[in-house]
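Novice: I need the structure of the sequence given here:
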Amino acid sequence: MLTTRHVTGAPNWIDLGTPDIDGASTFYGSVFGWRFQPGPPEVGGYGLFQLDGRTAAGGMQTSPEQGPPSWTVYFQTPDVDATAKAAEQAHGTVLMQPMDVMDQGRMAILADQAGVTFGLWQPAANKGLDVVQEQGSLCWLELYTPDLPAAAGFYHALFGWETTALPFAGGTYTSVHPQGTEAEAMFGGIVALEDSPTKATSAAWLPYFEVPDTDAAVSTAQNGGGTVRLPPTDLADVGRIAEIADPYGARFAVIKSAPPQQQS
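Specialist: Purely as a prediction, here's the structure:
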C-alpha cells in the first residue's frame, strides 16, 4: 500500500497538467473535496491541491506545446541525474533534463521504453505528498504497457522494483513494490494493454484515487463535465472501480476499496 514514508522507488508525488487550472480546480474540488492553493510567482503558476490542509497533488496550467492534459506520477530517487542516465541506458528517454526546483528538490521528466511519461523527484524541502490512501487521495497506480516483461525490466533497472504475481479469476495480476520491501508494500500494478478493462490503445500510467462511493464520484464527475471511460465495476476482494477523463481529457480512476480481508 502507498504511504507517506516515501522510500526509493516509491511514488512520492503526482501532478496535473491542464489547459484550465481554474476549471480543473472546480472539477476536482467537487469530486474529491480538494482546494487549489496557487504557488508564488516564481513557480510559474504551479500550485497545490490540498485536502483538509494536506497536499494531495500538484497542478498547473499548461500549453498544447507541453503535451496533452494528463496526470504525471513521480518516483523517489536519491540521485535524479544518475537515474536519468540509467533510464537512457535502459532504452528510455529524458524529456526534461534534471533541474533544481528552488529549495524544494530536484526533478526530471522521463519516458520509459514504451514512451510512457513519468517523473523523478529527489526530495529536499519538499519530502512528497502529505496524504495518500485516504478518501480523496492517491491510493494506487497502474501502468498500461504493450510489453509487460519489458516494462517490469525497465523499472527494475531504474528503481529495483520487485514484482509479485497475484492470482485472480481468469489470470494473474502483476503488482510492484520497492526493492527490499515485503509484497504488502505494493503500490501499483503493470497491465498489458490487451488486458486493459477499457481496451486502451495507448500506454500510460493511470492513478487511482480513493473515494467513499464510486457511483457518486462518477455522477459528480459527469455533472462537472467529465467523461466515463469505464463505468463502476466490482472487482472481487479489490473494490468498486471506475475510470474517468476530466473535462480536458486527463485520465484517472476512482475506487472504493474493499475492506481488508480478515485472517483466519
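
Novice: now the helix or strand of the chain with the lowest mean pLDDT: how far from the chain's centre is it?
Specialist: Lowest by mean pLDDT, DSSP states H and E among the helices and strands of the chain is strand 162-168, with a mean of 91. Computed by Cα atoms, centre = their mean, to the nearest Å, the chain-centroid distance of strand 162-168 equals 19 Å.

Novice: same question, stretch 54-71
Specialist: Distance, centroid of stretch 54-71 to centroid of chain: 12 Å (Cα atoms, centre = their mean).

Novice: could I get the CA-only coordinates of that stretch as CSV?
Specialist: C-alpha atoms of stretch 54-71 as CSV (Å, rounded to 0.1, in the frame of the first residue of the first chain):
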residue,chain,number,x,y,z
ARG,A,54,-2.6,18.5,3.4
THR,A,55,-1.1,18.3,-0.1
ALA,A,56,-2.8,15.5,-2.2
ALA,A,57,-1.4,16.6,-5.6
GLY,A,58,0.2,19.4,-7.6
GLY,A,59,-1.1,21.1,-10.7
MET,A,60,-0.5,23.9,-13.2
GLN,A,61,-1.9,25.3,-16.4
THR,A,62,0.0,24.0,-19.4
SER,A,63,0.0,24.9,-23.2
PRO,A,64,-0.5,22.4,-26.0
GLU,A,65,3.2,22.5,-26.7
GLN,A,66,3.8,21.0,-23.3
GLY,A,67,1.7,17.9,-24.2
PRO,A,68,-1.9,16.8,-23.7
PRO,A,69,-3.7,17.3,-20.4
SER,A,70,-2.6,14.5,-18.1
TRP,A,71,-1.6,13.3,-14.7
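
Novice: got the buried residues for it?
Specialist: Buried residues in stretch 54-71, counted by 16 or more other Cβ atoms under 10 Å: 55-62, 69-71. (Each C-beta comes from the backbone N, C-alpha and C, glycine too.)

Novice: give me the pLDDT for the spatially most central residue of the chain.
Specialist: Most central in the chain under Cα atoms, centre = their mean is Pro207, positioned 3.7 Å from the mean C-alpha point. Listed pLDDT for Pro207 reads 98.

Novice: can you give me the helices for the stretch 151-264 of the chain?
Specialist: Counting by DSSP state H, counting those that start in this stretch, the stretch 151-264 of the chain has helices at residues 214-223.

Novice: ok, back up a step: please report how far the residue nearest to the centre of the chain lies from Val254.
Specialist: 10 Å (Cβ to Cβ, to the nearest Å).

Novice: which stretches of the chain aren't confidently modelled?
Specialist: 261-264 (pLDDT under 70).

Novice: repeat that for 80
Specialist: 169-170, 183-184, 199-200, 260-264 (pLDDT under 80).

Novice: how many residues are close by Gly45?
Specialist: Applying other Cβ atoms under 10 Å, we find 13 other residues in the vicinity of Gly45.
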